[in-house]
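K.L.:
sequence below, structure please.
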Amino acid sequence: MDDAPAGVAVTASVEPSACTFWRQGEQSLFYAAADRHLECGVGTMTMGFEIPVERQDAAMGLVGMMVEMGYLDSAETAHLPAVQKAHQGILYGPLADFPVEPERRARDRVASPGHAPGRGE
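P.N.:
The predicted structure is shown next:
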């Protein structure tokens, strides 16, 4: 999505991880622009946003640390999922509150039984 839908709050906060936005979205509806996601290199990549050149080393360092910690297998790093459709931000929140129809892929992932992004991560 390129802009917040009319009447939807736009977050001004910058969070340490994209997963933080998922958790906040369990409670309220809001839009977060691409630049709000930059503190988390992995989140920036998986959300499909371009990582600025000056942040690429930190993003790769985070991926390396996640491999060292056993959170990711080194073979997984070349296959991290990422949103492919061009967009400028993400709408977070309970699906029942969405003012627009969510894209099927995102809806299916969030609605899957037992799966809530950010939980257990």
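K.L.:
pLDDT averaged over the top helix by length along the chain - what is it?
P.N.:
Assignment by DSSP state H gives helix 53-68 as the longest helix of the chain. Helix 53-68 shows a mean pLDDT of 91 in the predicted model.
K.L.:
run through who's touching it.
P.N.:
Residues outside helix 53-68 that contact it (CB atoms under 8 Å, 6 or more residues apart in numbering): L38, C40, G41, V42, T44, M45, I51, L72, D73, S74, T77, L80. The way it works is simple: take the backbone N, C-alpha and C, and place the C-beta from them, glycine included.
K.L.:
now do the same contact list for the fourth one.
P.N.:
Going back to what we said before, that points to V42. Contacts of V42 (CB under 8 Å, 6+ apart): A18, A59, L62, V63, M66, L80.
K.L.:
same check, this time on F98
P.N.:
L29, L91.
K.L.:
same thing but 7 Å
P.N.:
Residues counted as contacts of F98 (CB atoms under 7 Å, 6 or more residues apart in numbering) are L91.
K.L.:
any idea how far the residue lying farthest from the centre of the chain lies from L62?
P.N.:
Distance from the C-alpha centroid of the chain, by CA atoms, centre = their mean, peaks at E68 (22.2 Å). Distance, E68 to L62, using CB to CB, to the nearest Å: 11 Å.
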